[in-house]
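Colleague: With the sequence up front, the predicted model follows.
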Number of protein chains: 6
Amino acid sequence: MSMSWLITTLVAASFSSQLAYAYDLDPLQDICVAVNDSKASVFLNGKVCKDPKLAKADDFFFSGLNVSGNAMPNSGFAANVVDVNTMPGLNTLGISIIRVDFEPGVLVPLHTHPRATELITILDGTFYAGFLAPDAANVFKSRLFSKILNPGDVFVIPQGLIHFQYNVGHKNATLLASFNSQNPGVVTIPNSIFASDPPILDDVLVKGFQLDKKVIKQLRKKFS
Amino acid sequence: MSMSWLITTLVAASFSSQLAYAYDLDPLQDICVAVNDSKASVFLNGKVCKDPKLAKADDFFFSGLNVSGNAMPNSGFAANVVDVNTMPGLNTLGISIIRVDFEPGVLVPLHTHPRATELITILDGTFYAGFLAPDAANVFKSRLFSKILNPGDVFVIPQGLIHFQYNVGHKNATLLASFNSQNPGVVTIPNSIFASDPPILDDVLVKGFQLDKKVIKQLRKKFS
Amino acid sequence: MSMSWLITTLVAASFSSQLAYAYDLDPLQDICVAVNDSKASVFLNGKVCKDPKLAKADDFFFSGLNVSGNAMPNSGFAANVVDVNTMPGLNTLGISIIRVDFEPGVLVPLHTHPRATELITILDGTFYAGFLAPDAANVFKSRLFSKILNPGDVFVIPQGLIHFQYNVGHKNATLLASFNSQNPGVVTIPNSIFASDPPILDDVLVKGFQLDKKVIKQLRKKFS
Amino acid sequence: MSMSWLITTLVAASFSSQLAYAYDLDPLQDICVAVNDSKASVFLNGKVCKDPKLAKADDFFFSGLNVSGNAMPNSGFAANVVDVNTMPGLNTLGISIIRVDFEPGVLVPLHTHPRATELITILDGTFYAGFLAPDAANVFKSRLFSKILNPGDVFVIPQGLIHFQYNVGHKNATLLASFNSQNPGVVTIPNSIFASDPPILDDVLVKGFQLDKKVIKQLRKKFS
Amino acid sequence: MSMSWLITTLVAASFSSQLAYAYDLDPLQDICVAVNDSKASVFLNGKVCKDPKLAKADDFFFSGLNVSGNAMPNSGFAANVVDVNTMPGLNTLGISIIRVDFEPGVLVPLHTHPRATELITILDGTFYAGFLAPDAANVFKSRLFSKILNPGDVFVIPQGLIHFQYNVGHKNATLLASFNSQNPGVVTIPNSIFASDPPILDDVLVKGFQLDKKVIKQLRKKFS
Amino acid sequence: MSMSWLITTLVAASFSSQLAYAYDLDPLQDICVAVNDSKASVFLNGKVCKDPKLAKADDFFFSGLNVSGNAMPNSGFAANVVDVNTMPGLNTLGISIIRVDFEPGVLVPLHTHPRATELITILDGTFYAGFLAPDAANVFKSRLFSKILNPGDVFVIPQGLIHFQYNVGHKNATLLASFNSQNPGVVTIPNSIFASDPPILDDVLVKGFQLDKKVIKQLRKKFS
């Protein structure tokens, strides 16, 4: 009975605190402000809009990108994210931006964004950044495109390619990253591999990384 | 040898002076660096790629967004543009960014971007910015969504809607604008209307703006 | 609690009389007739479909494009609109059509459609129509592409560009406009600018249009 | 050797008077007028643009949709087509229109458009038109959605579905058909099946249509 | 009142056993497992996702493509379908696959897929397969592209074009067909035409197929 | 003059060796067979089509997927690829397929496809396969969705996510992988990271993988 489905969904939803899905399709009306209530129960390929009559300027506004976000514990960096969850008016508009602050010597490890190109602009400090483009002739090789980046430098990372940003200077460093998606996604490579839940079968990592089982075990511990 | 190809292309191109077209489709290969020579002769819905083997890190790099671009004569503002023309590696990647510096009291007049959403981040100064969303119930009305913006504030303007940015502070002001397109396009409303080539028939402007022919004539002069 | 969200949404919806959002994506099933009830409470990037088993031929049908629509008060023209609101079967199909009738000397003022190309076909009378294409080399200039149009003439206006249609004949004139969108949107430039709610700050208009504050005030009155 | 390929292409191209390929993607610049020269040798997923500086108003213009096109021999109907071949400015703009005139009792046989939705508007006469939507529960069945259509009636046919238009009145009848594609394509079902080159194996038609080989032979003759 | 709409929808839904709609857009989040309950009441351009926290490996899994599916009565072939209904994790992922087993001499009659390209791979037996490409110069003609296919052969059928697969060997034959859509759709040409509900007007079939009314009547009987 | 452009293109073309790019957009005409000559000189976001009049059935055909492809040296697996390079008629059709044969105990290491969903079907043997979905609440964690797969099992991997396939049986194992792209791309994670050209700065790998510089050096050697 459909009522029971609705109720099940409602109940399920009441335990769910995030529904961060977003469209990156063309907007299909002038505005479609996301209903950003963590308790809303319908999950879509994107977010439900609120009644456009109730839209207000604050839905299209975010404050605080001039300061660092909250530091991620033990990471040495902090992210301040402007996406459809923090700015509901972004819904259907296909863009987002994030500020990342790095302590000296801190690296955002190798990662990919499965659904967006990333364009970084350096605000402060000195970075070494790069991405790997697969070698069309040999799937086991790649080419590195990397640069030392200083304030005012801009660097682009094509959708889905592995990349990194590394604060190689002696002071804090800051960048802005723009994405052509409301929900670019992020796959942090070593971490997601060594700290997955449940864990990947040892053999897959031993063979894949050509490392001893013992080392794999250590890596799991470090990343968990 | 690819050099000879480039040269032949250049020769062919030497009669043609602009090919600023860009894709905003998904990238369809890992990289596709634009052949960015202003003399290349083939016009496409986007730009021709160079041989991927010749791609280099500098193709994905731009320097100088920490300073103001060249001032537009008599405008009071300066734009520093990172698009497929200044960063050829952006080709097919669907994103671009621009820095705009405003003298005190300067306005970027009402304009639209026909092919992109714009996300602005304030770096310095105080802006009054807003966009007009058509009123679904009456095509002759609209709703204004506007904010006073200070450093760190972010504001989004949906694709194709009329908007403005105005430096309402007493000192220079700077913003970054990200677009989910390599080629968002820009339609500067009063200027493009009053300074078109050839001019629009007087009657269209007299009736459309409900102004005297004399005033229209003055406006044409001011904007040309 | 999510039930309260649902109820809130329901209540909100009961005051909302329009949910005219539409997809312009590829249709993703054979038919998806819009639930066109003005009281439906879910707002999406597009419209909810009704059970396909309940679809009927009339959902894909509209009658009356051979006559003028209702005249807009004091405008001198009348629009007869076939979109997803008047033909629910259009939902997801990415197309719409409108008939516009003009009294002699009447102008549809400068406007844009943020989400569609427009293809006009003249049925009766004589029009002067045109669009402005931005000048790639100077954002403060544009090129006018215009024509005198007689019955049987067809003219196309690219997505998002400013354009106008003007009945320059001595009798009523009629055109059909096809759009490659269910919901092309319309931004009527002078009207939406001078009759926005709330009003745009005077200075933005004074500087943007290079007109006296007094003239701006008059314009506001004329357009409101 | 690629030279020989290119030369072959050139030669082939010099005998080819049509290269009707078109984009239905978003336009990626303001205008991109097709190079419509029948001798151009490069075939793309769309058409090459001419230098935008050389674009002129006539590229966006077509004249003559107020009269019937040339009659197709022995068909009883005539089509007047506005697509990227007859209006090169349509390139990249994703729309086209066609006028079809029917003698009394004439049928446009069952056909599909593989790449577009069709929206028909009746200008004159009386039509019986309909489309078949597959039955989701049984791929060997379908539902017919059909209407009798008079002047001013509008009817929509979803992308890729089989449909027909039939002049059931006693006089000539005329309709306009808008498509959300520059190149909707047309697959005329009985004709393309029975008059293919080379012919389909008899057995495929005998079994598919459950008709005698003799009848199939007659059909081939009638349609060739 | 919107509550009544919701209830009506619920009731309507309780009689509806399928909501097989699917997105073929880019996925907009990492995973979006379809709520595949036949009683769910909301119809969308695609399917509702379940709470991503509840996703499990089985949602992305299907078992049994190594054996034939259930035979369609009186058809001589059996289809084993992996789509969003049988593998809910496919929702938003734009792909599906089907295994078809043919008895000797059995034909899948002429049909189209309105929303996908089909790529077939022969696993067993010998097929004659082909598709019809419309002739650009004459809409009443087409070109046949056909091949005899043996195990290991692969053949592609462009989106929306008429095609067939015919087991021309003396034993059972099997193929896999991949589609770049979750919901490619299928229009079985003779069957959907002659067995539509309600039936198409006789005249449309008599004229379209150039057959006697008597033959049409027989065809209707055979296909119903 | 267009002839001179053509000639320069001809000359250029004779020296250039690869143009393997492919569209994954909707096809925009019925067929667009890739010019697959390795010496053609124009690089596009996709491939140039040959004159459609020259298309032949073999352009849409590939033979040999019933046997293993050529083994990759020292990898223990062999890939037999059907993409736009081996089947030029796939150009613009948005789909491809590959057969992979694994010796016992062989792993395809962790990798991603930046531009496509992958749907695998097991033909022979026993696999352990899985993908990692980022944890929305913690970018340093992920969830593993994995299954043991036997013949006839089907498993789907969302676009851009890290995944692996591992032959855990005692004999050769074979799978087919379908992609909703002509050019899905492949990023082999450990290999592309440790065998990039030029190498990534040691520190990035030491910090990213939390391994000694000595181990990183060993890994580079193993993977190069």
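Modeller: Cool, the structure landed.
Colleague: and the one residue sitting closest to the centre of chain A, what does it touch?
Modeller: Closest residue to the average C-alpha location of chain A: A:V186 at 3.8 Å, with CA atoms, centre = their mean. Going by CB atoms under 8 Å, 6 or more residues apart in numbering or on different chains, A:V186 touches A:H111, A:T112, A:H113, F:P134, F:V139. Quick note: C-beta positions are derived from backbone N, CA and C, even for glycine.
Colleague: please redo it, this time with the cut-off set to 10 Å
Modeller: Counting by CB atoms under 10 Å, 6 or more residues apart in numbering or on different chains, A:V186 makes contact with A:79, A:98, A:108, A:111-116, A:118, A:179, A:192, E:30, F:134, F:136, F:139-140.
Colleague: So which of those residues are in strands?
Modeller: A:A79, A:I98, A:V108, A:H111, A:T112, A:E118, A:F179, F:P134, F:V139, F:F140 (DSSP state E).
Colleague: Lowest-confidence one in the residues you listed?
Modeller: Lowest pLDDT within the ones in strands among the contacts of A:V186 is found at F:V139 (82).
Colleague: ok, that one to F:L176 distance?
Modeller: As judged by CB to CB, to the nearest Å, F:V139 and F:L176 stand 33 Å apart.
Colleague: who's more crowded, these two?
Modeller: Shown here are F:V139 and F:L176; by other CB atoms under 10 Å in any protein chain shown, F:L176 has more neighbours (23 against 19).
Colleague: List the beta-bridge partners for the more buried one.
Modeller: F:R99, F:T121 (DSSP bridges).
Colleague: before we move on, what about A:V108?
Modeller: Residues in beta-bridge contact with A:V108 (DSSP bridges): A:Q165.
Colleague: Just the pLDDT for the closest residue to A:F60 other than its chain neighbours.
Modeller: Counting by CB to CB, 6 or more residues apart in numbering or on different chains, A:F60 lies nearest to A:G89, which is 3.7 Å off, once chain neighbours are set aside. pLDDT recorded at A:G89 is 86.
Colleague: Same check on A:T188?
Modeller: pLDDT for A:T188: 93.
Colleague: Pull the contacting residues for the closest residue to it other than its chain neighbours.
Modeller: Closest residue to A:T188 apart from its sequence neighbours, by CB to CB, 6+ apart: A:H111 at 4.6 Å. A:H111 sits next to A:118, A:157, A:162-165, A:185-192, F:134, F:139, F:208 when contact means CB under 10 Å, 6+ apart.
Colleague: which ones among these are found in helices?
Modeller: With DSSP state H as the criterion, helices contain A:I189, A:P190, A:N191, A:S192, F:G208 from among those.
Colleague: so the fourth one makes contact with F:D135?
Modeller: Same thing as A:S192. Yes. A:S192 is in contact with F:D135 according to CB atoms under 10 Å; the separation is 8.0 Å.
Colleague: ok, those two, which is more surrounded?
Modeller: Set side by side, A:S192 and F:D135 show more neighbours around A:S192, with 29 against 20, by other CB under 10 Å.
Colleague: Filter the contacts of A:H111 down to the buried ones and hand me the ChimeraX line.
Modeller: Buried members of those, defined by 16 or more other CB atoms under 10 Å in any protein chain shown, are picked up in ChimeraX with:
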select /A:118,157,162,163,164,165,185,186,187,188,189,190,191,192 /F:134,139,208
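Colleague: from memory A:D202 sits against A:I216, does it?
Modeller: Yes. If you go by CB under 10 Å, A:D202 and A:I216 touch, sitting 5.9 Å apart.
Colleague: More neighbours: these two, which one.
Modeller: Higher neighbour count among A:D202 and A:I216: A:I216, with 20 against 12, using other CB under 10 Å.
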